[in-house]
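S.K.: structure, please.
(2 chains)
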Amino acid sequence: MDNKMEEVSTSKNFIEQIIDKDLEEGHYNHIQTRFPPEPNGYLHIGHAKSILLNYGLAQKYNGKFNMRFDDTNPTKEKTEFVESIKKDIEWLGADWEDRLFFASDYFTQMYEAAIKLIKKGKAYVCDLTPEQIREYRGTLTEPGKDSPYRDRTIEENLELFQNMKDGKYQDGEKVLRAKIDMASPNINMRDPILYRVAHMEHHRTGNTWCIYPMYDFAHPIEDAIEGITHSICTLEFEDHRPLYDWVVRELEYPVPPKQIEFAKLYLTNVVTGKRYIKKLVEDGIVDGWDDPRLVSLSALRRRGYTPEAIRMFIDLVGVSKGNSSVDYAMLEYCIREDLKLKKNRMMAVLDPIKLVIDNYPEDQVEYLEVANNQENSELGVRSVPFSKELYIEREDFMEEPPKKYFRLFPGNEVRLMNAYFVKCVSFEKDEAGNVKTVHCTYDPQTKSGSGFSERKVKGTIHWVSAAHAVEAEARLYENIVDEEKGKLDEEGNLNLNPNSLEIRKCYVEPDLGKARPEDSFQFVRQGYFCVDSKDTNSEKLVFNRIVSLKSSFKLNK
RNA sequence: UGGGCCAUCGCCAAAUGGUAAGGCACUGGACUCUGACUCCAGCAUUUCAAGGUUCGAAUCCUUGUAGCCCAGCCA
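M.R.: Numbering: from 1, shown residues only, chains lettered A, B, ... in the order given. Presented below is the predicted three-dimensional model:
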C-alpha cells in the first residue's frame, strides 16, 4: 500500500546484509542460528537482544533456531540455571521447537576431533604449569616462545592425551594445545589450550569426563555439528574469530559455520554486570535476582513488563558494531505503548486525603458505569461505587495554588472523573498542619454521561469511595543506579539511588480487590501497576509499579 | 611502530560516491471527563579533526584524535 513506509522498514542491518551475500554467493542454502548461553546465571535484558536477534534472523530467512547450553565448564554451571534460562526464553517467545541441545552431548565428538588434530600434527600435550604457560605466551607487545613440549611425536601426544582422559593426571598437570603460532600478534593464536583436566562433577555428564574442552575449541564444533550457518556473538569475541576459523578448517567441516559479532546492549541507569548484581543481592539491597528494580528477565516479568514490550524495544534499538548505551526511557516507552490499549484504567489513590461532599445524601450509594479503557471499547465496562465520602490524591488539592493549577483549591470546581463536578467550600487540617479533609458541594446536573455542557471545568481528578475502597500496598520503583552521579564512583562502587523503592499504603477501587498475581492495570495518572507474583510478607494486595506516566505538569515542592 | 574493532543530533540508528531516514528524549501548539493518550509543528547546511581525490564525499585516500576489546587451564 504505502511503498514509502515499506522501504523504510525494510532497511537491513549489517548481519542481514552478510547473510544475503552468503546466500547469493551460495555459501549456504539454508539459515540456522542459535542462542548458546552458559548455564551459570540468570538472563537479563542484554541477553534478550541476542535471543531475539538469533530467533528473528531464523524466522526472516525461513531457517531454524537452536537452543544450546554451552556447558563445557562444570565449575560454574548448574541445572537450576538451565531451568530458569529455558523459562525466560519461552516467555520471550523464541521457539526452539525440538532443537534443545547441550554442548556436553558432544563431548565424545569433541574428543575425537581433538584426536584428529593430534594426528594431523596440529595439537600437542603440554606439561607447562599455568604460570609457565602465561610466561611463554608473551605479552601484548612481545611475541611468545615455543613450549618445550611442542615437538612431541604424534604417537606420544596420542598416548598422553589418552592418559589425560583416563584420569592419570591431576588438575592443571597437563593440557592439550593447538599448534599454531607463538609469535602471532593475536594472542588467541599463540597455541591456545584446547582441553584441560578438571576432576569435577558435571551437572549432566556426572563423572564420565575429567577433561573438558575450552570454549574456543568447543564452540565451532558445536556449531558445525548442529549445522549452524551464522554463529552470532558479541564484540569481545572478534579476536577469537581467526581461531574459530582455524578449528573449523582443520577439522574439515564441509559447510563451515561463520562467526559474526555485534555490540552488546547497555542500558543507562541500570546494572547488568553479574559482579554488581551479586553484590546488590549479597548486601541485601535487593531481595534477589528477580527484584523488580533489576533488569533480569525474571525481574522485568515480575515487575509487569510484557514480552511484547521487550521485543518492541529490541527491535527499536537495532543492531550494530558500535558500543552504545540505550536510554532507559526507550524501554519505558515500549511498555507504555504495549499496555496502553490492553489494560483497564482504574482509579487508585496512592496518597490519600478525604473529600466529603457536604450536600450528598448520607447513606446514598450510586453505581456508576465506567469504561475500562476509553480508547478500547472491547475491554468493556465496570461499575464503580460513589458515595458521600471519598479519598482523593493529596496533590489534587492545594490551599494556595500556583498559577496554572487546575485541580482543587478553595472556591474552584473540578470534575470527579466519571462522576460529578464538585466545588471546594472548605478544608480541615490536622495538628501537624497537613490537610486532612476537603469539603465540597456537588452539582447533580453534571453527572458523567448526562451531556451537561453549560459550564466547563479545567481539571479532572480521580477518587475512590472511602466506604468501598480496598486497602493495598503500592511499590514505586525507580532506577537503582543514581542518575545524577553516574554509574560508578572513583573506587568503582555503584552509586545507588536511595529512592529506588518507595512503599505506599493506598486505596484502590473495589474491583481491584479481586486482582490476581501478574494482572496489570493503568492507575489513572499514576502509571501502570502489576500485582506482585511473589509471596510477600504483607497480607495486602501488593502492586508493583511497572512504569509511570509521562507528566507535563510538575508541582513545585 | 602489538593486534583487532569502532566514530552520523542529548540517546539508539539509516544512508553502500548523487546532495544527511526513522525512533526515543526534548520544545511549542491543538484537543481532552486522566496535565495521559492522540494530533500538528520544531529539533544535524552537516557526519571525530585536518588535508586530499572528484562535477559531486558521511561514504574513497592521507594523517591525526577519541573510545572499546585481548596477555583465564572462564564463556
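S.K.: C-alpha from now on. contacts and neighbour counts both.
M.R.: OK.
S.K.: residue of chain A nearest RNA strand B, please.
M.R.: A:S448 (2.0 Å; Cα to the nearest atom of the strand).
S.K.: what about that residue, neighbour count?
M.R.: A:S448: 18 surrounding residues under other Cα atoms under 10 Å.
S.K.: roughly how far apart are it and A:L355?
M.R.: Separation of A:S448 from A:L355 (Cα to Cα, to the nearest Å): 18 Å.
S.K.: now swap in A:F262 and tell me
M.R.: A:F262 sits 57 Å away from A:L355, going by Cα to Cα.
S.K.: who's more crowded, the two?
M.R.: The residue with more neighbours, out of A:F262 and A:L355, is A:L355; 25 against 20, by other Cα under 10 Å.
S.K.: surely A:L494 meets A:V481?
M.R.: Yes. The criterion here is Cα atoms under 8 Å, and A:L494 meets it with A:V481 at 7.0 Å.
S.K.: more neighbours, those two?
M.R.: Between A:L494 and A:V481, A:V481 has the larger neighbour count (other Cα under 10 Å), namely 23 against 19.
S.K.: excluding covalently adjacent residues, which one is nearest to the more buried one?
M.R.: A:L496 (4.6 Å; Cα to Cα, 6 or more residues apart in numbering).
S.K.: burial check on the one you found, number of neighbours?
M.R.: 19.
S.K.: I'd say it and A:E478 touch.
M.R.: No. Taking contacts as Cα under 8 Å, A:L496 lies outside contact range of A:E478: 10.8 Å.
S.K.: for the nearest residue to A:H202 once chain neighbours are set aside, give me its contacts.
M.R.: Using Cα to Cα, 6+ apart and skipping the chain neighbours, the partner closest in space to A:H202 is A:P74 (4.8 Å). A:P74 makes contact with A:M200, A:E201, A:H202, A:H203, according to Cα atoms under 8 Å, 6 or more residues apart in numbering.
S.K.: for the residues you listed, which one is nearest A:L160?
M.R.: Ranked by distance to A:L160 (Cα to Cα), the contacts of A:P74 are led by A:M200 at 20.0 Å.
S.K.: who's in contact with A:A474?
M.R.: Contact analysis of A:A474 by Cα under 8 Å, 6+ apart lists A:L350, A:I503, A:R504, A:K505, A:C506, A:V542, A:F543, A:N544, A:R545.
S.K.: which of the residues you listed are buried? Put it as a ChimeraX command.
M.R.: In ChimeraX, this line selects whichever of these come out buried by 16 or more other Cα atoms under 10 Å:
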select /A:350,506,542,543,544,545
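S.K.: let me have the contacts of A:A474 in JSON lines, extended by pLDDT.
M.R.: Formatted as JSON lines, these follow (pLDDT from 0 to 100):
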{"residue": "A:L350", "pLDDT": "97"}
{"residue": "A:I503", "pLDDT": "95"}
{"residue": "A:R504", "pLDDT": "96"}
{"residue": "A:K505", "pLDDT": "95"}
{"residue": "A:C506", "pLDDT": "97"}
{"residue": "A:V542", "pLDDT": "96"}
{"residue": "A:F543", "pLDDT": "97"}
{"residue": "A:N544", "pLDDT": "97"}
{"residue": "A:R545", "pLDDT": "97"}
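S.K.: out of the contacts of A:A474, which are inside helices?
M.R.: Secondary structure from DSSP state H places none of the contacts of A:A474 in helices.
S.K.: out of the contacts of A:A474, who's nearest A:R196?
M.R.: Nearest to A:R196 among the contacts of A:A474: A:N544, at 47.1 Å, using Cα to Cα.
S.K.: so, low pLDDT: which residues of the stretch 251-400 of chain A?
M.R.: Within the stretch 251-400 of chain A, the set of residues satisfying pLDDT under 70 is empty.
S.K.: break down it into its helices, ranges please.
M.R.: Using DSSP state H, counting those that start in this stretch, the helices of the stretch 251-400 of chain A run over residues A:274-282, A:297-303, A:307-317, A:328-339.
S.K.: list the helices and strands the shortest one packs on?
M.R.: Judged by 3 or more Cα pairs under 8 Å, 6 or more residues apart in numbering; DSSP states H and E, the packing partners of helix A:297-303 are strand A:541-547.
S.K.: coming back round to it: can you give me phi and psi for the residue nearest to A:H202?
M.R.: When read as degrees, to the nearest 10, the backbone of A:P74 gives phi -60, psi -10.
S.K.: what count of nearby residues applies to the nearest residue in space to A:Y266 that is not next to it in sequence?
M.R.: Leaving aside its chain neighbours, A:Y266 sits nearest to A:S325 (4.5 Å; criterion: Cα to Cα, 6+ apart). By other Cα under 10 Å, the residues close to A:S325 number 13.
S.K.: could you do the one 3 residues further on as well?
M.R.: Other residues near A:Y328 come to 14 when the count uses other Cα under 10 Å.
S.K.: which ones are touching it?
M.R.: By Cα under 8 Å, 6+ apart, A:Y328 lies in contact with A:L267, A:T268, A:N269.
S.K.: same list (those) but as a markdown table, adding neighbour count and distance to RNA strand B.
M.R.: Formatted as a markdown table, these follow (neighbours: other Cα atoms under 10 Å; distance: Cα to the nearest atom of the strand, whole Å):
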| residue | neighbour count | distance to RNA strand B |
| --- | --- | --- |
| A:L267 | 19 | 8 |
| A:T268 | 16 | 8 |
| A:N269 | 22 | 11 |
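S.K.: if we take these, which one ends up nearest to A:D70?
M.R.: Nearest to A:D70, judged by Cα to Cα, of the contacts of A:Y328 is A:L267 at 25.6 Å.
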